[in-house]
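A.B. asks: no sequence for this one, just the structure:
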């Protein structure tokens, strides 16, 4: 039974996350935190933090770890397969057909309308994380960390892994 | 050949930072420039098809290229090489983290990293909105986002349902190229 839940929790983001792995982050959060309650929002933030600090695709890292947490090795395999296989199978079997969709009105409408939805979901999680941080660390530390990581990431284009390490170090020493 | 496939996608998985989409140039470099498994054109086609579909792009691209080279076994090989090393790292490191969770400074690390991840997600939020803006007007984007926000947050409709509605609606759009 648990495997069916794990499968569904990652199958849905896998077939609806338009825009690659990052688009599936909020959809996975929806299932894992809100729907099944396997993790709280802080634990999910930790998974994302480490996921962003490590190389490689983010969707499979999330699936592999969360699947493992919930259902051991079998859970991990089910979660990763549910993330990867549906769209990969479609690609292999329907390559010719799908190629004709590229650049059509239908497909442009689809991606243009889905992106704002994904953006809202991402924004909501971001808000949630920063609000949690404010709860745990207070105003001054939170404002400093938000401002510093924004500047490092956007203005100085510092590597995300380094910014994550900066956050971990700051927290270890000062929080 | 299988060893080569594994090595190529192992490197792609281990060197691509920032999720799957950022590893596309790496795949291109290995598959087209270094090994000549694909021409520039067939690679662009594969990428275009991959982008028509939902789900993570790195495994779609890797799996497809592995399949073209060496059939089903090639597909499995490429996908595992892309994802397995980082999944194992992820499990080991997070388990270690959980082990020491009660220590005060480890708790501090968790607190310190949270706003950083929050900012990263806000940057992603902006990128998704900016990409949508490139294809439509501010007016429409604002109105549509407001309606979607209302349905998601106030009414509490499951995001999967809203995306499904958009997929169905889009498929009824008239034919033709943009």
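C.D. replies: That came through, no problem. Source: prediction; values computed, not measured.
A.B. asks: quick one: average pLDDT of stretch A:78-95?
C.D. replies: In this model, stretch A:78-95 has a mean pLDDT of 92.
A.B. asks: count of neighbours near residue 90?
C.D. replies: Here I'm looking at chain A. As a burial measure, residue A:90 scores 19 neighbours (other Cβ atoms under 10 Å in any protein chain shown). To be clear about C-beta, it is placed using only N, CA and C from the backbone, and glycine gets the same treatment.
A.B. asks: my bad, chain B
C.D. replies: There are 23 residues near residue B:90, going by other Cβ under 10 Å.
A.B. asks: residue A:154 too?
C.D. replies: Neighbours of residue A:154 (other Cβ under 10 Å): 13.
A.B. asks: how about it, what does it touch?
C.D. replies: residue B:123 (Cβ atoms under 8 Å, 6 or more residues apart in numbering or on different chains).
A.B. asks: quick check: it vs residue A:162, distance?
C.D. replies: Separation of residue A:154 from residue A:162 (Cβ to Cβ, to the nearest Å): 14 Å.
A.B. asks: spatially nearest residue to residue B:131, not counting backbone neighbours?
C.D. replies: residue A:115 (5.5 Å; Cβ to Cβ, 6 or more residues apart in numbering or on different chains).
A.B. asks: and for residue A:122?
C.D. replies: Per Cβ to Cβ, 6+ apart, closest to residue A:122 is residue B:125, 4.3 Å.
A.B. asks: secondary structure element for the one you found?
C.D. replies: Under the criterion of DSSP states H and E, residue B:125 resides in helix B:104-133.
A.B. asks: who are the packing partners of that helix?
C.D. replies: Using 3 or more Cβ pairs under 8 Å, 6 or more residues apart in numbering or on different chains; DSSP states H and E as the contact test, the elements touching helix B:104-133 are helix A:21-29, helix A:41-53, helix A:105-150, helix A:160-174, helix B:138-149.
A.B. asks: how far off centre is it?
C.D. replies: 17 Å (Cα atoms, centre = their mean, to the nearest Å).
A.B. asks: angle of it against helix A:105-150?
C.D. replies: 140 degrees (axes from the mean of the first three to the mean of the last three Cα atoms, to 10 degrees).
A.B. asks: buried residues of stretch B:107-121, list them for me.
C.D. replies: If you call a residue buried by 16 or more other Cβ atoms under 10 Å in any protein chain shown, then stretch B:107-121 has these buried ones: B:107-121.
A.B. asks: ok, so of these, who is nearest chain A?
C.D. replies: Lowest distance from chain A to these (Cβ to the nearest Cβ) belongs to residue B:112, with 2.0 Å.
A.B. asks: OK, contacts around the closest one?
C.D. replies: With Cβ under 8 Å, 6+ apart, residue B:112 has these contacts: A:137, A:141, A:145, A:167-172, A:174-175.
A.B. asks: which one of the residues you listed is nearest chain B?
C.D. replies: residue A:171 (2.0 Å).
A.B. asks: hmm, who's touching stretch B:68-88?
C.D. replies: Taking Cβ under 8 Å, 6+ apart as the rule, stretch B:68-88 contacts A:54-57, A:60-61, A:64-65, A:76, A:80, A:84, A:88, A:92, B:1-2, B:5-10, B:12-14, B:37-38, B:58-59, B:62-67.
A.B. asks: quick one, which of those residues are buried?
C.D. replies: A:54-57, A:60-61, A:64-65, A:76, A:80, A:84, A:88, A:92, B:5-6, B:8-10, B:12-14, B:37-38, B:58-59, B:62-67.
A.B. asks: check contacts around the residue nearest to residue B:131.
C.D. replies: A:18-19, B:128-129, B:131-132.
A.B. asks: and what of residue B:24?
C.D. replies: B:47, B:57-58, B:61.
A.B. asks: element containing it?
C.D. replies: Using DSSP H and E, the element containing residue B:24 is helix B:24-28.
A.B. asks: and that helix, which residues are buried?
C.D. replies: Neighbour-count burial for helix B:24-28 [16+ other Cβ under 10 Å]: B:24, B:26-28.
A.B. asks: check stretch B:64-83 too.
C.D. replies: B:64-70, B:74-75, B:77-83.
A.B. asks: related to what we said a few turns ago, dump the buried residues of helix B:24-28 to CSV, plus pLDDT.
C.D. replies: Formatted as CSV, those follow (pLDDT from 0 to 100):
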residue, pLDDT
B:24, 87
B:26, 85
B:27, 90
B:28, 91
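A.B. asks: and which of the residues you listed is nearest to residue B:165?
C.D. replies: Distance to residue B:165, by Cβ to Cβ, is smallest for residue B:24 among the buried residues of helix B:24-28, at 29.3 Å.
A.B. asks: kindly provide the distance from the most centrally placed residue in chain A to chain B.
C.D. replies: Among the residues of chain A, the one closest to the centroid is residue A:25, at 2.3 Å (Cα atoms, centre = their mean). Taking Cβ to the nearest Cβ, to the nearest Å as the measure, residue A:25 falls 7 Å from chain B.
A.B. asks: was I right about that residue contacting residue B:121?
C.D. replies: Yes: if you go by Cβ atoms under 8 Å, residue A:25 and residue B:121 touch, sitting 7.4 Å apart.
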